[in-house]
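# sequence below, structure please.
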Amino acid sequence: MNKRSLKNILIVTFFIVGKLAFPQDSITTAPLVSYGKKGFELTSSDNNYLMQIEFRGQFRFAYPYDSDPVTLEDFDSDNVSLYLNRARMKVGGHSFKPWLKYYLEYELMSSNLLDFRLMIEKYKFLNIKVGQWKVQYNRERIISSGKQQSVERSILTRPFTIDRQQGISLYGHLDGRGAANFNYWVSVFMGTGRGAEVNDDRHLMWMTRWQWNFMGKPLEFTGSDLKYHNRLTAVVALAAVTNKSAFTRFSQSGGGELQGFPEGKPGQYRVNQWLIETAAKYRGFSWQQEFHWKQINDEINKHTSTMTGNLVQAGYFPYHLWSKFPETMELYARQAFYIPDMSKTDQVGQEYSIGANYFINGHRNKLTLEYSWLQYKSPNDENEGGRIRLQWDISL
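Now for the predicted structure:
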């Protein structure tokens, strides 16, 4: 897409969202303009209308490769990368009433509409969302790329993420006392990925997530304990998805195929998957863990594949133990493994990563340095190698 087309899209987008946020016949005074935690804010005097506008850039250096290897040959790369990895425009807020919310996110680099959703959030226990967004399935993927603890998500993302879909969701917070505290999501989607307007057959994607906030309150979907939780906040979650489509994996680009699976036809692959997840934050320490299981049934070639994986990630601000350490610097570590075929236990991918974050202004302006050791073993061969990445993530 050329620059002129992109410019026109942005102009139209701002016009539509502006009309939604501030109907001319509903505003009697000029909107109040300020800068908040989500960028520039335009607010009506009665607070019934709010529009927040934010731009985010992610600049990255990587050597000898950036993306996670998916084949043995991928380890042979010897390139230096220095580029703009993400460039996002975000527009959100509410219209008519504070509980009628909207959100739009656009990727400027690839000219892709990532999110456009409307939310009715009048009651804590029952909310409705329609549109296109990142499915509330696993914590690692739910957390925004701008609020991650690490440079990038783990090797589990490619095989297990549901990514962005179009659909409708019911969700809520059952705010009981103590351990009687839960969040839930029940959703139905097209099941054909970002930007797909129709399903490829009559089968839809169904997803549910149940989260037990057993310490009495939910844990926000952000990496690192920047808020310094004086009291332990921890959750356990279970989630499951079933879908029938032409795809075995999803990404920001939409539907695709995992390594070893042929390009699918409509309704060829029945995919069932589930996960169990834990996460916690306490006095500068953060923890997250995910165990994934996924089964792909090829209904044309009559073949079933089962895969699994797990990740463990933890971070800490050493300043809380040693005051001479920089107060806004965090150290973290991650270990993840992925078995693409449970019938071949000698085929496995592994990741070992360590890194450091230096927060200039929280997640809105931070530097991250990370070193990873990646291994991939197949029945006939194996390969391994190191990777270093440096990233500056800034929101304006």
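# all helices for the stretch 151-300 of the chain, in order.
Taking DSSP state H, counting those that start in this stretch as the test, the helices found in the stretch 151-300 of the chain are 157-160.
# where do the strands sit along it?
Secondary structure of the stretch 151-300 of the chain (DSSP state E, counting those that start in this stretch): strands located at 164-175, 181-189, 205-212, 233-245, 249-251, 254-256, 269-282, 285-298.
# next one: the closest residue to Thr157 other than its chain neighbours from Glu263, what distance?
Of all residues not flanking Thr157 in the chain, Arg141 sits nearest, at 6.2 Å (C-beta to C-beta, 6 or more residues apart in numbering). The way it works is simple: take the backbone N, C-alpha and C, and place the C-beta from them, glycine included. Look at Arg141 and Glu263: by C-beta to C-beta, to the nearest Å, they are 24 Å apart.
# same thing with Gln132?
For Gln132 relative to Glu263 (C-beta to C-beta), the value is 24 Å.
# ok, the two, which is more surrounded?
Set Gln132 next to Glu263 and count neighbours by other C-beta atoms under 10 Å: Gln132 wins out with 22 against 10.
# Ala356: neighbouring residues, count only.
For Ala356, the count of nearby residues is 16 (other C-beta under 10 Å).
# can you tell me the element it falls in?
Taking DSSP states H and E as the criterion, Ala356 maps to strand 348-359.
# just to check, Leu114 is in contact with Tyr103?
No - judged on C-beta atoms under 8 Å, Leu114 makes no contact with Tyr103 at a distance of 10.2 Å.
# okay, stretch 293-308 in PDB with CA atoms only?
Extracted C-alpha coordinates of stretch 293-308, given in PDB (Å, rounded to 0.1, in the frame of the first residue of the first chain):
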ATOM      1  CA  TRP A 293      -2.000 -29.200  24.600                       C
ATOM      2  CA  LYS A 294      -3.200 -29.200  21.000                       C
ATOM      3  CA  GLN A 295      -4.600 -31.900  18.700                       C
ATOM      4  CA  ILE A 296      -5.000 -31.400  15.000                       C
ATOM      5  CA  ASN A 297      -7.200 -33.900  13.100                       C
ATOM      6  CA  ASP A 298      -6.700 -33.800   9.300                       C
ATOM      7  CA  GLU A 299     -10.200 -35.000   8.100                       C
ATOM      8  CA  ILE A 300      -9.100 -35.400   4.500                       C
ATOM      9  CA  ASN A 301      -5.900 -37.300   5.000                       C
ATOM     10  CA  LYS A 302      -7.200 -39.100   8.100                       C
ATOM     11  CA  HIS A 303      -4.200 -38.200  10.300                       C
ATOM     12  CA  THR A 304      -4.200 -36.900  13.900                       C
ATOM     13  CA  SER A 305      -1.300 -35.000  15.400                       C
ATOM     14  CA  THR A 306      -0.900 -34.000  19.100                       C
ATOM     15  CA  MET A 307       1.500 -31.400  20.300                       C
ATOM     16  CA  THR A 308       2.400 -29.900  23.700                       C
END
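# mind listing what's buried along that stretch?
Of the residues in stretch 293-308, Trp293, Lys294, Gln295, Ile296, Asn297, Asp298, Ser305, Thr306, Met307, Thr308 count as buried by neighbour count, 16 or more other C-beta atoms under 10 Å.
# which of those lies closest to Pro318?
Thr308 (33.8 Å; C-beta to C-beta).
# so the closest one sits against Gln295, correct?
No - Thr308 lies out of contact with Gln295 (C-beta under 8 Å); the separation is 9.8 Å.
# count of residues packed around the residue nearest to Gln165 when sequence neighbours are not counted?
Nearest residue to Gln165, sequence neighbours excluded (C-beta to C-beta, 6+ apart): Phe189, at 3.7 Å. Phe189 has 24 neighbours, counted by other C-beta under 10 Å.
# tell me the contacts of the residue nearest to Arg270 when sequence neighbours are not counted?
Spatial nearest neighbour of Arg270, excluding adjacent residues (C-beta to C-beta, 6+ apart): Asn297 at 4.3 Å. Contacts here follow C-beta atoms under 8 Å, 6 or more residues apart in numbering; on that basis Asn297 touches Tyr269, Arg270, Val271, Asn272, His303, Thr304.
# thank you, goodbye.
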